[in-house]
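Visitor: One predicted model, sequence on top.
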Amino acid sequence: MSEQWAVGIDIGGTGIKVACVDWATGTLMDEQLRIPTPQPSTATNVAKAVGQALNELQERSRHTIPDGIRSLPIGLAFPGSIRRGKVTFLGNLDQSWVGEDVSTVFSSVTGAQCLFLNDADAAGLAEMRFGAGSQAQDKSVLMLTLGTGIGSALFTRGELYPYTELGHITVDGKNGERYASVSTKDREGLTYEEWAGRLQKYLDQIVLLTNPELIIVGGWISSQHASWLHLIDVPVPVVTAQLHNDAGIVGAALFAHQHA
Ligand code: BGC
């Protein structure tokens, strides 16, 4: 059984979610553990918090992990990009990560092999395998995570083109994510109608640029789709994510299993 286990970690600007996952079924083995993101959120501080979370997860687990949690593949989803091992772009975390080889930093601080990927890519991998994209392996699919930022993951024939940052396209002369993210909706006190108007402009642009056959929208607001999805009109089916809060963790664990 334990050969089907991996750890998924989703690092965000305010919180970190951690769980052991059965990557073959996409289910969490225990309830996810949530800890606040340490401030300042430098790579070393976050790595220390992750190390403690791994210990706690092992202590709490209903399952006995034969060789300990650090023997499992560990995948970390984060809001940014990596090229040749180094962070090249970072969203909502301390900018000192840029230029760092975070796999090496995290592996040496936590004492476990840490494999990184983008958080929207992780959510997309999980949705394509277990969720809203599982019947769309033959299509071009765009996954968007709508939250503090806008994350993107592009798939064609089930293959991921990693580290796209399509939340940052320009819409109405502004950065798309600053224009249409959920945090902007909250900050500016926009109604669903007002926000959907902005999301519509964002989607018009992104559909033109990427030409997908299916769009999957994730993030908390996708669970509120009854309030806004009918206001959106694009020439492509738009469906909501199915793994909700677990998508990033499940995708990170799946990725770790595939790349360990
Ligand atoms: C980051 C992306 C990330 C998205 C969602 C954006 O600010 O640039 O890498 O996927 O937020 O967290």
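Guide: Nice, I can see it.
Visitor: Need the pLDDT of the residue lying closest to Ser222 once chain neighbours are set aside.
Guide: Of all residues not flanking Ser222 in the chain, Thr240 sits nearest, at 4.2 Å (Cβ to Cβ, 6 or more residues apart in numbering). Glycine gets a C-beta too; all of them are placed from N, C-alpha and C. If you check Thr240, the pLDDT there is 97.
Visitor: same thing with the one 5 residues further on?
Guide: According to the per-residue confidence, Asn245 scores 89 in pLDDT.
Visitor: ok, now which ones touch His259?
Guide: 73, 75, 115 (Cβ atoms under 8 Å, 6 or more residues apart in numbering).
Visitor: quick revisit: show me what the residue nearest to Ser222 is bridged to.
Guide: Beta-bridge pairing for Thr240 (DSSP bridges): Val217.
Visitor: how about it, what does it touch?
Guide: By Cβ under 8 Å, 6+ apart, the contact set of Thr240 is 132, 216-218, 222-223, 225, 229.
Visitor: Around the ligand, which positions in the stretch 151-260 of the chain sit nearby?
Guide: By Cβ under 6 Å from any ligand atom, the residues of the stretch 151-260 of the chain that approach the ligand are 151, 165, 167, 177.
Visitor: Tell me which residue of the protein is furthest from the middle?
Guide: In terms of distance from the mean C-alpha position of the chain, Pro66 ranks first, at 28.6 Å (Cα atoms, centre = their mean).
Visitor: contacting residues around that one?
Guide: Ser2.
Visitor: Relative to the whole chain's centre, how far out is the helix or strand hosting Gly251?
Guide: Secondary structure from DSSP states H and E places Gly251 in helix 247-259. When C-alpha coordinates are averaged (Cα atoms, centre = their mean, to the nearest Å), helix 247-259 and its chain have centres 10 Å apart.
Visitor: Just the CA atoms of that helix, as PDB, please.
Guide: Output in PDB follows, covering the C-alpha atoms of helix 247-259 (Å, rounded to 0.1, in the frame of the first residue of the first chain):
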ATOM      1  CA  ALA A 247      -6.300  19.800  -6.100                       C
ATOM      2  CA  GLY A 248      -2.900  21.400  -5.400                       C
ATOM      3  CA  ILE A 249      -2.000  18.800  -2.900                       C
ATOM      4  CA  VAL A 250      -3.100  15.900  -5.000                       C
ATOM      5  CA  GLY A 251      -1.300  17.200  -8.100                       C
ATOM      6  CA  ALA A 252       1.900  17.900  -6.200                       C
ATOM      7  CA  ALA A 253       1.800  14.300  -4.800                       C
ATOM      8  CA  LEU A 254       1.200  12.900  -8.200                       C
ATOM      9  CA  PHE A 255       4.000  14.900  -9.700                       C
ATOM     10  CA  ALA A 256       6.400  13.800  -6.900                       C
ATOM     11  CA  HIS A 257       5.500  10.200  -7.600                       C
ATOM     12  CA  GLN A 258       6.100  10.600 -11.300                       C
ATOM     13  CA  HIS A 259       9.500  12.400 -10.900                       C
END
